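Asker: What follows is a protein structure lacking sequence information:
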């Protein structure tokens, strides 16, 4: 008889431990969710998203390229310019399309980058 009562108590203790572990997991999940919600994107009065940098776009005529590889080299030089968000040089059209932050880059810097790659831009 004594062994049965001990067995019942140990089963009951195991059940209580499982319930406590699940309760701790639930509480920790709720705390983490609250912290995640608070760390979200800051709200701007009136709704919407916070202001983002205004980017300019420019197209440059690139001369002197002889292959797609040349276009890739020119593209990589343009992307190295601080403030350039995106650049693409097309060999077939000879046009470079560049998106950049006007506070950090300008047309002259972009033309200089194309020159460093060994081509002419205007």
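Answerer: All right, it came through fine. Quick caveat: nothing in here was measured; it's all calculated off a predicted structure.
Asker: CA atoms for contacts and neighbours, from now on please.
Answerer: Will do.
Asker: what residue ranges in this protein score low on pLDDT?
Answerer: For the chain, the stretches with pLDDT under 70 are 1-11, 39-53.
Asker: again, 50 this time
Answerer: For the chain, the stretches with pLDDT under 50 are 44.
Asker: what's the domain layout of it?
Answerer: 1-40, 56-121 (automatic domain parsing).
Asker: what's the helix or strand containing residue 85 in contact with?
Answerer: Assessed by DSSP states H and E, residue 85 sits inside strand 84-90. Defining contact as Cα atoms under 8 Å, 6 or more residues apart in numbering, one finds that strand 84-90 is touched by 68, 71-72, 74-76, 78-79, 95-101, 105.
Asker: ok, back up a step: can you list the domains of the chain in CSV and add mean neighbour count?
Answerer: What follows is those, written out as CSV (neighbours: other Cα atoms under 10 Å):
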stretch, mean neighbour count
domain 1-40, 11
domain 56-121, 17
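Asker: and the contacts of strand 84-90, which two are the farthest apart?
Answerer: By the measure Cα to Cα, 68 and 101 form the most distant pair in these, at 26.6 Å.
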